[in-house]
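1. structure, please.
(chains A, B, C and D)
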Protein chains: 2
Amino acid sequence: MRIGELAARAGVSVRSLRYYEEQGLLTSTRSAGGQRHYTQDDVERVAFIQRLYAAGLSSRTIIELLPCLDSPSDENSDAAMERMAKERDRLSAHIEDLLRTRDALDVLMVAAQAHRDARQTAA
Amino acid sequence: MRIGELAARAGVSVRSLRYYEEQGLLTSTRSAGGQRHYTQDDVERVAFIQRLYAAGLSSRTIIELLPCLDSPSDENSDAAMERMAKERDRLSAHIEDLLRTRDALDVLMVAAQAHRDARQTAA
DNA sequence: CTAAAACCTGACATCAATGTGAGAGGCAAG
DNA sequence: CTTGCCTCTCACATTGATGTCAGGTTTTAG
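-> Numbers count the residues shown, from 1 in each chain, chains lettered A, B, ... in the order given. As a prediction, this is how the structure comes out:
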């Protein structure tokens, strides 16, 4: 498929796909005319990349992890493993932080609701 | 306390504190010479702001929530409540996403570990 | 064959929070 | 008063992913 279709299927902009390639996160075969062609697998790959972006990883970090996804029989596994463990920890910490933040929001909301109820009762 | 001390206590840069004020997230009293003075409460406030930033809220969004923190007996409660509910939902969804991402990372790590073990056994 | 639609490269724009530097002034200790 | 540190404002730079525009080429539909 061409870049437009991949963009549509993966829910990403065409611009982003070209950027991913520029960053080395995604590769493509080229037609005689120079247009990028992708396979079905790339849809999943892009989705995974997006997931890692959403998790706060940078292109640079993602690129260190991808070899592990591409060729699990690589020597890079050692370095990648270390990196993944590190990012996993960071992610866990971030999740914990978000949970605490959500709790804090809940507290605020309960307080606001209580105020609203009080006003309602008074009215 | 002056801005430098608040920055140190809250673990934020002086620049950021001035930015928060510029965005209306933080207020200060000024000395005769124009220097900002803060109270102990501001340390907590800055920590809370940081927490919301980490949760992906923008200054604009935070500013809509803060009135609710400042004066829980405000008319703004209605709008703020709505906003908080919305952000809470977004936050929950984001947390779910991060959990799935962490699971995906775990899967990758298990695969990598399996490969490493296989290599170890072979050697 | 031709026109429309999709694609190409390259460059500049954007956003938000923060860094950084200049030049000037405040404030406390000696 | 002076020295040194902190602070002030203003303004421009940075980062990273993405938007957008321009000018040109490829592909596809009719």
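
2. drop to CA atoms for contacts and neighbour counts, all remaining ones
-> Will do.

3. for A:Val43, give me its contacts.
-> A:6, A:9-10 (Cα atoms under 8 Å, 6 or more residues apart in numbering or on different chains).

4. hey, where'd the helices end up in chain A?
-> In chain A, the helices defined using DSSP state H lie at A:3-10, A:14-22, A:40-54, A:59-70, A:77-122.

5. if you count neighbours, what's buried in the fourth one?
-> By that I understand helix A:59-70. A:59, A:61-69 (16 or more other Cα atoms under 10 Å in any protein chain shown).

6. filter the residues you listed by proximity to chain B?
-> A:68-69 (Cα under 8 Å from any Cα of the partner chain).

7. what's the closest of the buried residues of helix A:59-70 to DNA strand C?
-> Of all the buried residues of helix A:59-70, A:Ser59 has the smallest distance to DNA strand C: 15.7 Å, by Cα to the nearest atom of the strand.

8. what about A:Met1, how many residues nearby?
-> 11 (other Cα atoms under 10 Å in any protein chain shown).

9. one more: A:Ser31?
-> 10.

10. and it, what does it touch?
-> A:His37.

11. I figured A:Ala80 hits A:Ile63, correct?
-> No - look at A:Ala80 against A:Ile63 with Cα atoms under 8 Å: they stay out of range, at 9.7 Å.

12. sorry, back to before: got the helices of chain A as JSON lines, with distance to B:Gly34 columns?
-> Converted to JSON lines, these look like this (distance: least, Cα to Cα, whole Å):
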{"stretch": "helix A:3-10", "distance to B:Gly34": "53"}
{"stretch": "helix A:14-22", "distance to B:Gly34": "47"}
{"stretch": "helix A:40-54", "distance to B:Gly34": "42"}
{"stretch": "helix A:59-70", "distance to B:Gly34": "44"}
{"stretch": "helix A:77-122", "distance to B:Gly34": "34"}
